[in-house]
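Student: give me coordinates for this.
(one chain, ligands or ions: 2)
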Amino acid sequence: MENNGETVKILAVETSCDETAAAVVENGREVLSNVISSQIDLHTLYGGVVPEIASRKHIEKINQVMGEALTQAGKKLTDMDAIAVTYGPGLVGALLVGVSAAKAVSFASGIPLIGVHHIEGHISANYIENKDLEPPFVCLVVSGGHSHLVVVKDYGSYEILGRTRDDAAGEAFDKVARAIGLGYPGGPKIDKVSKEGNPEAIAFPRAKVGDSDYDFSFSGLKSAVLNYLNSCEMKGKSFCQADVAASFQKAVVDVLTEHSMHAVESCGIKKFAIAGGVASNSALREVLAKACGERGVTFYHPSPLLCTDNAAMIGAAGYYEYVKGVRHGYDLNAVPNLKLGQNI
Ligand code: KG4
Ligand code: ZN
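Tutor: Ligands and ions are numbered 1, 2, ... in the order given. Next up is the predicted model:
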């Protein structure tokens, strides 16, 4: 989708969870700057994201991060054609900081405001490094709060094939990491320690969701890991952290791969992409690359920095909304449980 040959520069803002982020993106695919101020160290003390702390930290950082994004891009605010901001889903207090900041800057400068869906942002991260990628394609979105299998029918147009019935994939990684003593943030730590472990050591279940080919369920798997740890304790046996991590990770990767390949085959679409924090998992990327290769399907994935929360992806999604003519008023509010497709 083109914008009559004009260059569109977007200042994008993302504060839905624990990263205060701003970026400048040109025509949806060229990242001129991508500034991410992570709060991980603060939340690590508590073993997970504390919403109150996240909001306060966003307030402290947001102006500096937006300014830094413009400086690193070598641009002024007046060079921008739009301000795009994540308005849901996410933590309400955290979202409100970004939405309020974007509205204030938009109001003061007269530059149009565009509210962006966070998951649409994750999916759009794929456009940045894959200049040839265009819809339609199948996309697996796996983050800390979401697990969705979708068909991206067109820019901003989605058909949801399946979703998680309980825990999101990232949530399962975080909970299991805590249970085996790896701490927060769980996903990257399980990814790392699994390289030392045997993925076949423990037979954890691959959950089936009775009436759906595409839905996921990860809470049973998490319980199976907890049961395994309990039974080791009762028997007075120690457990091998790397084997538990690797076996758990393999169970998640198997289910995600099986559902994804089923979707690709049923839809007859030869393009498959992944998105969200869990999409940076090295085992998942390796197995999906192989599965796509065997089926003659082109596999697209953002680099790890663009999988986890960032504002460049919001600038990418915001561009396609801009081209469609989407503009939001100053009544734009944070919507913590915003559904995919509800924003269109
Ligand atoms: O997309 P994201 O940054 O934030 C949300 O929108 O939720 O995803 C964060 C999630 C966390 O649950 C984190 O543990 C997981 O992504 N994650 C990973 C990896 N890196 C981040 N999970 C598995 N392997 C990784 N390498
Ligand atoms: Zn996210």
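Student: compute the first-to-last residue distance for stretch 152-172.
Tutor: End-to-end distance for stretch 152-172: 25 Å, by Cα to Cα, to the nearest Å.
Student: may I see the buried residues of that stretch?
Tutor: Within stretch 152-172, the residues that count as buried by 16 or more other Cβ atoms under 10 Å are 152, 155-156, 158, 161-164, 166-172. For the C-beta atoms, the positions are set from N, CA and C on the backbone; glycine is no exception.
Student: can you tell me which of those residues are in strands?
Tutor: Counting by DSSP state E, the buried residues of stretch 152-172 place 152, 158, 161, 162, 163 in strands.
Student: and the first one, how far from residue 99?
Tutor: This means residue 152. Using Cβ to Cβ, to the nearest Å, residue 152 is found at 25 Å from residue 99.
Student: with respect to ligand 1, which of the buried residues of stretch 152-172 is nearest?
Tutor: residue 170 (2.6 Å; Cβ to the nearest ligand atom).
Student: neighbours of the residue in the stretch 51-200 of the chain that ligand 2 sits nearest to, just the number please.
Tutor: Closest to ligand 2 within the stretch 51-200 of the chain is residue 143: 4.4 Å, counting by Cβ to the ion. Other residues within reach of residue 143, judged by other Cβ atoms under 10 Å, total 24.
Student: that one contacts residue 280, doesn't it?
Tutor: No: using Cβ atoms under 8 Å, residue 143 is not in contact with residue 280; the gap is 10.3 Å.
Student: common neighbours of these two, please.
Tutor: The contact sets of residue 143 and residue 280 do not overlap (Cβ atoms under 8 Å, 6 or more residues apart in numbering).
Student: now tabulate the ones in strands among the buried residues of stretch 152-172 in JSON lines and tack on distance to ligand 2 and pLDDT.
Tutor: Rendered in JSON lines, the data for these read as follows (distance: Cβ to the ion, whole Å; pLDDT from 0 to 100):
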{"residue": "152", "distance to ligand 2": "17", "pLDDT": "98"}
{"residue": "158", "distance to ligand 2": "16", "pLDDT": "95"}
{"residue": "161", "distance to ligand 2": "20", "pLDDT": "95"}
{"residue": "162", "distance to ligand 2": "18", "pLDDT": "95"}
{"residue": "163", "distance to ligand 2": "15", "pLDDT": "94"}
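Student: Throw those residues into CSV and include distance to residue 133, thanks.
Tutor: Putting these into CSV (distance: Cβ to Cβ, whole Å) gives the following:
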residue, distance to residue 133
152, 9
158, 15
161, 19
162, 22
163, 23
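Student: just confirm residue 246 is within a helix.
Tutor: Yes: secondary structure of residue 246 (DSSP: H, G, I helix; E, B strand; the rest coil): part of a helix.
Student: residue contacts, it?
Tutor: Contacts for residue 246 (Cβ under 8 Å, 6+ apart) come out as 193, 194, 195, 196, 197, 198, 199, 201.
Student: elements contacting the helix or strand containing the first one?
Tutor: Translated: residue 193. Assigned by DSSP states H and E, residue 193 belongs to helix 186-194. If you count contacts as 3 or more Cβ pairs under 8 Å, 6 or more residues apart in numbering; DSSP states H and E, helix 186-194 packs onto helix 169-179, helix 241-267, helix 282-294.
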